[in-house]
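Trainee: model the structure of this input:
(one chain, ligands or ions: 2)
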Amino acid sequence: MLQKKICMVGAFATGKTSLVARYVSSIFSENYHTTVGVKIDKKTVNLEDRTINLILWDLYGEDEFQKVRMSYLRGSSGYLLVVDGTRKNTLEKAFDLQTRVEETIGNVPFIMILNKWDLKDEWEIDPVEIDAIKQKNWIVMKTSAKHGIGVAEVFQTLAEKIMAG
Ligand SMILES: Nc1nc2c(ncn2[C@@H]2O[C@H](COP(=O)(O)OP(=O)(O)O)[C@@H](O)[C@H]2O)c(=O)[nH]1
Ligand SMILES: [Mg+2]
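Mentor: Residues are numbered from 1 along each chain as shown. Ligands and ions are numbered 1, 2, ... in the order given. Predicted structure coming up:
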């Protein structure tokens, strides 16, 4: 079966690991265990005319002490750029990471994810700002790994973009 590598990219604690766990195993945990290095999962996804295997690379989140090693990105067909909607600085971090990822692997499909949508009362990202991002022709989607909202759609959409590529 055709395999496609997808990387989870974003600041620390945005929900990269939780999104993969929700998608692959339908589970969620409130406990935070920082990801060490990289964890790889697989998930089969059915598209309109074929079935493919997604190889999900869950990278540790970037913080002030540790940068994401761009060599992990090599060979990726696409990536998810994960933002925590309750922490605006994770959006700035996402822009910075996107630039570096594109320098490394070129212009491959990606989706910006605004995660933790269940905490929308604490939201720090303005709709105007989201519109501005969409003006750049970026795809932006909201998810809650906690409640399982929008999660499968994100992976499905990215897989379709990759195959349409
Ligand atoms: N309320 C809420 N918490 C979340 C959500 N996704 C992740 N979390 C929590 O945020 C923290 C960091 O999540 P994690 O997936 O480990 O982030 P990572 O560092 O990007 O892999 C954990 O305590 C999770 O339980 C979500 O959609 N809603
Ligand atoms: Mg993690």
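
Trainee: contacts, neighbours, all on C-alpha from now
Mentor: Fine.

Trainee: can you pull out the helices in the chain?
Mentor: Per DSSP state H, the chain carries helices over the ranges 16-25, 89-105, 127-135, 151-164.

Trainee: output those helices as CSV; include the columns mean neighbour count.
Mentor: Output for the helices of the chain, formatted as CSV (neighbours: other CA atoms under 10 Å):
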stretch, mean neighbour count
helix 16-25, 21
helix 89-105, 16
helix 127-135, 12
helix 151-164, 18
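
Trainee: those: which one's closest to ligand 2?
Mentor: Of all these, helix 16-25 sits nearest to ligand 2, with 4.2 Å by CA to the ion.

Trainee: what is the mean pLDDT for that closest one?
Mentor: Over the span of helix 16-25, the pLDDT mean works out to 97.

Trainee: for that helix, name the packing helices and strands.
Mentor: Where contact means 3 or more CA pairs under 8 Å, 6 or more residues apart in numbering; DSSP states H and E, helix 16-25 is packed against strand 3-10, strand 38-46, strand 51-59, helix 151-164.

Trainee: now do residue 13: how many residues are near it, please.
Mentor: Using other CA atoms under 10 Å, residue 13 has 20 neighbouring residues.

Trainee: send the alpha carbons of stretch 147-155 over as PDB?
Mentor: Output of stretch 147-155 as PDB, limited to C-alpha atoms (Å, rounded to 0.1, in the frame of the first residue of the first chain):
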ATOM      1  CA  HIS A 147     -13.600  16.200  22.500                       C
ATOM      2  CA  GLY A 148     -12.600  14.600  19.200                       C
ATOM      3  CA  ILE A 149     -13.900  17.500  17.100                       C
ATOM      4  CA  GLY A 150     -12.500  18.100  13.700                       C
ATOM      5  CA  VAL A 151      -9.600  15.700  14.200                       C
ATOM      6  CA  ALA A 152     -10.300  13.000  11.600                       C
ATOM      7  CA  GLU A 153     -11.300  15.700   9.100                       C
ATOM      8  CA  VAL A 154      -7.800  17.300   9.400                       C
ATOM      9  CA  PHE A 155      -5.900  14.200   8.600                       C
END
